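S.K.: Structure, please.
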Amino acid sequence: MNLFTIITILVVVSAAFSYINQRFVKLPYTIGAMVITIIMSLILTISGWISPNLTNPLKDLITQIDFSTVLMEIMLSFLLFAGALHTNFDQLKVQRGPILAFATFGVFLSTLLIGGAMFYILKGIGLDVAFIHCLLFGALISPTDPIAVLGILKKAGVPKKLETKIVGESLFNDGVGVVVFLTIYQIAQKGLDNITVSEIGLLLVEEVIGGILLGLVLGYIAYKLMKSIDDYSVEVLITLAIVMGGYLLAQQLHFSGPLAVVVAGLIVGHDTVRDTSMSEMTELYIDKFWETWDGLLNGILFVLIGLEILILPFEKPYIIAGLIAIPVILLARFISLSIPIKFFKKKLDFVPNTGTIMTWGGLRGGISIALALTLTQSMDRDPFLIITYVVVIFSIIVQGMSIGKVANHMIGKDYVREPISNDHH
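M.R.: The predicted structure is shown next:
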C-alpha cells in the first residue's frame with residue numbers, strides 16, 4: 001500500500017470519527033476522536049477473534065505505519081508550533097520561574113521517582129526488568145503532552161494563570177522530556193561503563209540550549225520577513241517554512257527540534273510581533289491556518305493511537321502493571337510539582353490547590369506512545385509499551401473528561417472563569 005493511500009485512509013477515518021463526535025457524542029475533540037476509535041478497535045478486535053480475515057487487512061495497514069517516526073519527525077513540529085502560537089506570552093513571562101522549574105527539575109525528579117517505583121513494582125508482580133529500562137519508562141511518561149492538554153483546556157475554563165502554567169509546562173517539558181529520554185536511551189544502548197558524565201552533560205546542554213537559541217533565531221527571521229511584506233498567503237507560507245525547515249535543521253545540528261519550534265511559535269504569536277508585522281487579514285489567516293492544521297493532525301494522531309490497539313501484545317501482567325502505574329505516576333507528578341510550587345509561592349500568587357489540579361491536568365498522549373515505540377526488544381519494549389498505552393488511555397479519557405470539574409471544585413467559584421475561545425488572547 002503506497003503512502004498516499006495510507007494518508008488518505010487516515011484522513012477519511014479521522015474526518016468520519018470527528019463528525020460522529022461533533023454530531024452525536026459531543027465530547028471534547030481530542031477525547032471524542034480517541035474514544036470512538038478505541039470502541040471501533042475493540043469491536044474489530046472481537047470480530048477478528050471470530051473471523052481473522054476481517055481485521056487482517058487493517059492490521060497490515062497499521063504495521064506499515066511507523067507511528068514513532070510519523071509523530072516525532074512529521075506531526076510534532078506542526079502541533080507544537082500551533083500550540084505555542086496561541087499561548088499568551090505575557091502570562092508566560094510572568095509565570096516563567098515555575099514553568100521552567102516544572103519543565104526541568106520536575107521532569108528529572110519524576111523520571112527518577114517513576115523509574116525507581118516501577119522497578120520494584122514490576123519485580124513484585126513477576127516481571128524481571130532492568131533498572132535502566134525503568135528509568136527510560138520514567139522519562140517517556142513524565143512529560144505531559146501539549147497536544148492533549150491544549151485541546152482539552154480550551155473547554156475547561158480554568159483561571160488564566162493556572163492555564164498558562166499547565167500549557168507552558170507541557171510545551172517545554174515535552175522538549176526536555178525527549179532530551180532526557182534520548183540521554184538515558186544512549187546510556188542503555190552503550191552501557192553505563194562506556195559513557196562519561198561529561199558526554200551526558202554535553203548532550204543535555206547541546207540539545208536544550210541549542211534548541212532554544214535556534215528557536216529564537218527562527219522566530220526573529222520569521223518576524224523580519226513578515227514585517228517586510230503584506231501578503232497573507234506568503235506570510236502563512238513563511239510560518240510553514242520556519243516550522244518545517246527549522247525542525248529539519250535542528251535534527252541536523254543535534255539540537256532539540258521540539259524546543260526550537262516552541263520558542264519560534266511563542267515569538268511569532270507574541271502580541272508585539274503580531275501588531276508590528278501582521279495586518280488584521282494576515283493575523284486571521286495565520287491563526288485559522290494553524291488551527292485547521294492542528295485539528296487535522298490531532299484527529300489523525302488520536303485515530304492512530306486507537307488503531308494501534310489492534311496490533312499490541314496485550315497480556316494480563318502488562319495490563320495489571322499499567323493499572324498499578326497510574327497512581328504511581330500521578331503521585332510522582334504531584335511530588336515533583338510540589339517542590340517548585342513551595343519555592344515560588346512566596347513570589348507568585350497561586351490559585352488554591354494548584355499542585356493537585358496540575359497533577360490531574362497533566363495529560364499523557366501520543367508523545368509518550370511514540371517514545372515507547374522506539375524502545376528495542378532488549379529494552380523490555382512490550383511491557384512498557386502496554387503500560388504506556390494503559391496510562392495514556394486513562395489520562396486522556398478519565399483525566400481529560402474530568403479536569404474541568406476537578407479544577408472548578410478545588411479552586412472555588414471566585415476563581416472560575418468562562419471557557420476560553422480559540423482567540424489567541
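S.K.: Show the contacting residues for S68.
M.R.: Residues touching S68, when contacts are defined by CB atoms under 8 Å, 6 or more residues apart in numbering, comprise 370-371, 373-374. Quick note: C-beta positions are derived from backbone N, CA and C, even for glycine.
S.K.: same deal with K347?
M.R.: G97.
S.K.: sec struct for it, please.
M.R.: Following DSSP: H, G, I helix; E, B strand; the rest coil, K347 is assigned to coil.
S.K.: how near is it to F137?
M.R.: K347 sits 34 Å away from F137, going by CB to CB, to the nearest Å.
S.K.: How about L162?
M.R.: L162 is 29 Å from F137, by CB to CB.
S.K.: And Y247, by the same measure?
M.R.: 26 Å.
S.K.: Now G219. Nearest residue, chain neighbours left out?
M.R.: Excluding its sequence neighbours, the residue lying closest to G219 (CB to CB, 6 or more residues apart in numbering) is I267, at 2.8 Å.
S.K.: Output the contacting helices and strands for whichever strand or helix holds V12.
M.R.: Taking DSSP states H and E as the criterion, V12 maps to helix 3-20. Helix 3-20 sits against helix 29-50, helix 280-307, with contacts defined as 3 or more CB pairs under 8 Å, 6 or more residues apart in numbering; DSSP states H and E.
S.K.: can you list those helices in a markdown table and add mean neighbour count, mean pLDDT and distance to I387?
M.R.: Output for these, formatted as a markdown table (neighbours: other CB atoms under 10 Å; pLDDT from 0 to 100; distance: least, CB to CB, whole Å):
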| stretch | mean neighbour count | mean pLDDT | distance to I387 |
| --- | --- | --- | --- |
| helix 29-50 | 18 | 83 | 17 |
| helix 280-307 | 20 | 90 | 15 |
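S.K.: and L171, what element?
M.R.: Per DSSP H and E, the secondary structure element for L171 is helix 160-190.
S.K.: mind checking how far that helix is from the chain centre?
M.R.: Counting by CA atoms, centre = their mean, to the nearest Å, helix 160-190 is centred 9 Å from the centre of its parent chain.
S.K.: repeat for stretch 269-281
M.R.: On CA atoms, centre = their mean, the centre of stretch 269-281 falls 27 Å from the chain's centre.
S.K.: can you check stretch 6-13 too?
M.R.: With CA atoms, centre = their mean, you get 22 Å for stretch 6-13.
S.K.: now stretch 21-39
M.R.: With CA atoms, centre = their mean as the basis, stretch 21-39 stands 19 Å off its chain's centre.
S.K.: same deal with stretch 302-320?
M.R.: Worked out by CA atoms, centre = their mean, stretch 302-320 lies 19 Å from the chain centre.
S.K.: can you list contacts of that stretch?
M.R.: Residues outside stretch 302-320 that contact it (CB under 8 Å, 6+ apart): 10, 13-14, 17, 30, 33-34, 36-38, 40-42, 44-45, 48, 55, 58-59, 62-63, 65, 67, 70-71, 125-127, 365-366, 369, 382-383, 385-387, 389-390, 392, 396.
S.K.: Make a ChimeraX selection of whichever of those turn out to be buried.
M.R.: The ChimeraX selection below is limited to those of these classed as buried (16 or more other CB atoms under 10 Å):
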select :10,13,14,17,30,33,34,36,37,38,40,41,44,48,55,58,59,62,65,67,70,71,127,365,366,369,383,385,386,387,389,390,392,396
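S.K.: quick one, what contacts the nearest residue to V11 once chain neighbours are set aside?
M.R.: Once flanking residues are discounted, V11 sits nearest to I300: 6.7 Å by CB to CB, 6+ apart. Neighbour list for I300: 10-11, 14, 75 [criterion: CB under 8 Å, 6+ apart].
S.K.: Just send those residues back as TSV, with pLDDT and distance to N21 too.
M.R.: Below are the contacts of I300 laid out as TSV (pLDDT from 0 to 100; distance: CB to CB, whole Å):
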residue	pLDDT	distance to N21
L10	88	16
V11	91	16
S14	90	11
M75	90	20
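S.K.: for these, which one is nearest S170?
M.R.: Of all the contacts of I300, M75 has the smallest distance to S170: 16.1 Å, by CB to CB.
S.K.: Pretty sure that closest one sits against G299.
M.R.: No. Under the criterion of CB atoms under 8 Å, M75 is not in contact with G299, lying 11.1 Å apart.
S.K.: hang on, the earlier thing: just send the helices and strands packed on helix 3-20 back as JSON lines, with distance to G116 too.
M.R.: Shown next, in JSON lines, are the helices and strands packed on helix 3-20 (distance: least, CB to CB, whole Å):
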{"stretch": "helix 29-50", "distance to G116": "30"}
{"stretch": "helix 280-307", "distance to G116": "28"}
